[in-house]
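**Q** Provided below are the primary sequence and the corresponding predicted coordinates.
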Amino acid sequence: MNIGSFTINKRVISLNTTALKIEDKTCNGRDDDARISGLSFSNLPEGAALSEGTDYTLSTRYASAESGEWDVAVTVTLTNKNYTLEDENCTVKGKILPKAVELIVSAKDTVYTGLPYSESNLTCSGTSAPTYRYYADSNGTQSNQLDGAPINAGTYWVEAYAPKRAARLPQPRKRFGFILKKRRCVFALRIKP
């Protein structure tokens, strides 16, 4: 009797990243939750397709968790034993958008002292170091911006802005910040004569 043996070798496939897209996400402090679409494989047999969870697993990692545009490392691990992946890793660009913060401002009425209105009369939740802009009042509506805090008796408006925080990066030309979106919170305040 003559017995022969043979081997069916695994098919070598590769990642096709031409249509690979990373969905923009809002900053949440995580660097491992990129949502991708368009991942496909080259050199599959005609009519064959691979499914995430069944044939492969996927992991992603942004270069930073701060807001900005970053490289995103995509790693694919095959679980289907009929294939070998030529390169399990690829890098694509992804954006992390700044997170908006709602500021809530309250302003206390005060009595004329001859000094500028004190920021100690203002409270602002949603940020630790807001900046303020003051406006004149015109018949109950916000009017012209003032150069600073008002001094004279009258009714005024105040807006609070959250500061920008810059991330520390080794290359100064590529400074990206976690920018808290500026949201106006307007309250009227009166300085009593």
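**A** Nice, I can see it.
**Q** make it CA atoms for all contacts and neighbour counts henceforth
**A** Will do.
**Q** which helix or strand in the chain has the lowest average pLDDT?
**A** Ranking every helix and strand in the chain by mean pLDDT, DSSP states H and E puts strand 177-179 at the bottom, with a mean of 23.
**Q** outside of the longest strand anywhere in the chain, which residues touch it?
**A** Counting residues, the longest strand in the chain under DSSP state E turns out to be strand 68-78. Residues from elsewhere that reach strand 68-78 (CA atoms under 8 Å, 6 or more residues apart in numbering): 34, 55-64, 84-85, 88-98, 176-178.
**Q** filter those down to the ones in strands?
**A** Among the contacts of strand 68-78, the residues falling in strands (DSSP E) are 56-62, 84-85, 89-97, 177-178.
**Q** list the buried residues for stretch 103-123?
**A** Residues of stretch 103-123 classed as buried by neighbour count (16 or more other CA atoms under 10 Å): Leu103, Ile104, Val105, Ser106, Ala107, Lys108, Tyr112, Tyr117, Leu122.
**Q** ok, the fourth one to Gln142 distance?
**A** It refers to Ser106. Distance, Ser106 to Gln142, by CA to CA, to the nearest Å: 16 Å.
**Q** just to revisit the earlier point, of the contacts of strand 68-78, grab the buried ones for PyMOL.
**A** Buried residues among those (16+ other CA under 10 Å), as a PyMOL selection:
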select buried, resi 34+60+61+62+64+84+85+89+91+93+94+95+96+97+98+176+177+178
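**Q** doesn't Ser120 lie inside a strand?
**A** No. Assigned with DSSP: H, G, I helix; E, B strand; the rest coil, Ser120 falls outside any strand and is helix.
**Q** need the pLDDT of it.
**A** Confidence at Ser120, expressed as pLDDT, is 89.
**Q** quick check: it vs Lys108, distance?
**A** From Ser120 to Lys108 the distance is 9 Å (CA to CA).
**Q** below-threshold pLDDT in the chain: ranges please.
**A** Where the chain drops to pLDDT under 70, the residues are 101, 164-193.
**Q** cutoff 80 now
**A** 1, 99-103, 126-128, 138, 140, 162-193 (pLDDT under 80).
**Q** quick one, helices of it?
**A** With DSSP state H, there are no helices along the chain.
**Q** residue furthest from the geometric center of this structure?
**A** Largest separation from the mean C-alpha position in the chain: Met1, at 70.2 Å (CA atoms, centre = their mean).
**Q** how near is it to Thr7?
**A** For Met1, the distance to Thr7 (CA to CA) stands at 20 Å.
**Q** farthest pair within the buried residues of stretch 103-123?
**A** Farthest pair in the buried residues of stretch 103-123 (CA to CA) is Leu103 and Tyr112. Separation: 27.2 Å.
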